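Peer 1: I'd like to go over a predicted model; first the sequence, then the structure.
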Amino acid sequence: MKIIAILIAFALTNTLPQVHKYRRSNWLKKYVYRANNQLSILPGWAGATSSILLPALPLLLLFIFMQLGETVLGGLGTFLISLLVLLYTFGPRNLDADIKAYLKAETPEQKAQAITNLCGSSCNSIHSQADEQSIDSDDEASSCSQLTGAVFQQALRRWFAIIFWFALFGVYGALGYRLIEWLTSQPLPLSEQQRKNFHSIRSILEWPVAQLMTLGLAIAADFDSVFAAWRQYHDDQGHSLFAGDNGFMLAAACRIIVTGRAGNDGFADQLEDEPNTAVQLASDLIWRVLGVWLALLAILLLAGWLT
């Protein structure tokens, strides 16, 4: 049932653009404020205690709803709740729509807005390139790294991390990751220590997802190029478990695009003279990786290794 829930939720997410309007997280600010005020007397609240309890309390509420759904509707109830949780945790914005908006933008203002929608303030460094129609060949690697990094990082946080943790722990894994991601990315009333703790937790949660995305990229594109970039990154900079930038995945994706290995099927040749080539190739690559993931998930589920 997991693979069916993922496919239905993902299809609805990408065919119904109004879905993202219901992924509201404004309740989180009030929740964090009240929790910090009322539970700060607990030992270690500024450290590990809040890092555990802040995400755990909403998960406990979800557990209660799951039990009620199973009691009232049986397996159908748990499936429907799982579907709703996936619809809520994917995104929050439609990644494919944001990429297309960037590719179709014509003016510098439209480009800048599209970049903000795609990856927020983390893409400020490429706003100055927003009005360019192609990647400068003299700075191809730098441009590729920035643009490809934005697409792959957002694909990880909007799609792949939800799929991975849902496949392992069901609705609790999907909602748990999304809560941690919100606690690190939104302006919430958290102390510096709490923010640091949640950033570390997010890095730990994203690290295996990034590794598996890199493996999927190797299968979907060129294994030798991906492995060489992955190994070089680890030799030069380490495994990046707590760094949070998933640089090994971004290095592999950039290697594929810069060397032209993404075009083994002729796709890159069609884009050779088109604008925004790196973004188009990155978008194509994440869809290929998604196809690999879904195929492997289906095999694992059919084999009974995931329940």
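Peer 2: Right, received. Where do you want to start?
Peer 1: next, the contact list for Trp159, please.
Peer 2: Phe10, Phe90, Leu95, Ile286, Leu290 (CB atoms under 8 Å, 6 or more residues apart in numbering). For glycine as for every other residue, the C-beta is placed from the backbone atoms N, C-alpha and C.
Peer 1: show me where the stretch 151-300 of the chain has strands.
Peer 2: In order along the chain, the stretch 151-300 of the chain carries no strands (DSSP state E, counting those that start in this stretch).
Peer 1: picking up where we left off before, now the two most distant members of the contacts of Trp159.
Peer 2: Taking CB to CB, the two most distant members of those are Phe90 and Ile286; they sit 14.0 Å apart.
Peer 1: between the contacts of Trp159, which is closest to Val19?
Peer 2: Within the set of the contacts of Trp159, Phe90 lies nearest Val19; the separation is 8.2 Å, counting by CB to CB.
Peer 1: ok, the closest one touching Thr13?
Peer 2: Yes. Taking CB atoms under 8 Å as the definition, Phe90 is a contact partner of Thr13 at 4.8 Å.
Peer 1: which one is Pro43 nearest to, not counting chain neighbours?
Peer 2: The spatial neighbour of Pro43 that comes closest, neighbours along the chain excluded (CB to CB, 6 or more residues apart in numbering), is Thr49 at 6.5 Å.
Peer 1: my guess is the one you found meets Ile41, correct?
Peer 2: No. Applying CB under 8 Å, one finds Thr49 not in contact with Ile41, separated by 10.4 Å.
Peer 1: between the two, which has more neighbouring residues?
Peer 2: The residue with more neighbours, out of Thr49 and Ile41, is Thr49; 14 against 7, by other CB atoms under 10 Å.
Peer 1: against Leu61, how distant is that one?
Peer 2: Applying CB to CB, to the nearest Å, the value for Thr49 to Leu61 is 19 Å.
Peer 1: so what's the residue nearest in space to the middle of the chain up against?
Peer 2: With the centre of the chain defined as its mean C-alpha position, the nearest residue by CA atoms, centre = their mean is Arg157, 1.5 Å away. Under the criterion of CB under 8 Å, 6+ apart, the contact list for Arg157 reads Glu181, Glu206.
Peer 1: give me the pLDDT value at it.
Peer 2: At Arg157, the pLDDT value in this model is 94.
Peer 1: do Ser240 as well
Peer 2: Looking at Ser240, its pLDDT stands at 58.
Peer 1: which intervals of the stretch 1-150 of the chain have sub-threshold pLDDT?
Peer 2: For the stretch 1-150 of the chain, residues meeting the criterion pLDDT under 70 lie at 120-145.
Peer 1: hey, where'd the helices end up in it?
Peer 2: Using DSSP state H, counting those that start in this stretch, the helices found in the stretch 1-150 of the chain span residues 2-15, 27-38, 50-73, 75-89, 95-104, 108-119, 140-155.
Peer 1: who's more crowded, Phe90 and Thr13?
Peer 2: Neighbours per residue (other CB under 10 Å) separate Phe90 from Thr13, with Phe90 holding more: 26 against 22.
Peer 1: I'd like to know how far Leu53 sits from Leu179.
Peer 2: As for Leu53, its distance to Leu179 is 12 Å (criterion: CB to CB).
Peer 1: the more surrounded of these two?
Peer 2: A direct count of neighbours by other CB under 10 Å for Leu53 and Leu179 places Leu179 higher, at 21 against 14.
Peer 1: and for the residue nearest to the more buried one when sequence neighbours are not counted, the neighbour number?
Peer 2: The shortest distance from Leu179 to any residue other than its chain neighbours is 4.5 Å, reached at Pro55 (CB to CB, 6+ apart). When neighbours are defined as other CB under 10 Å, Pro55 has 21 of them.
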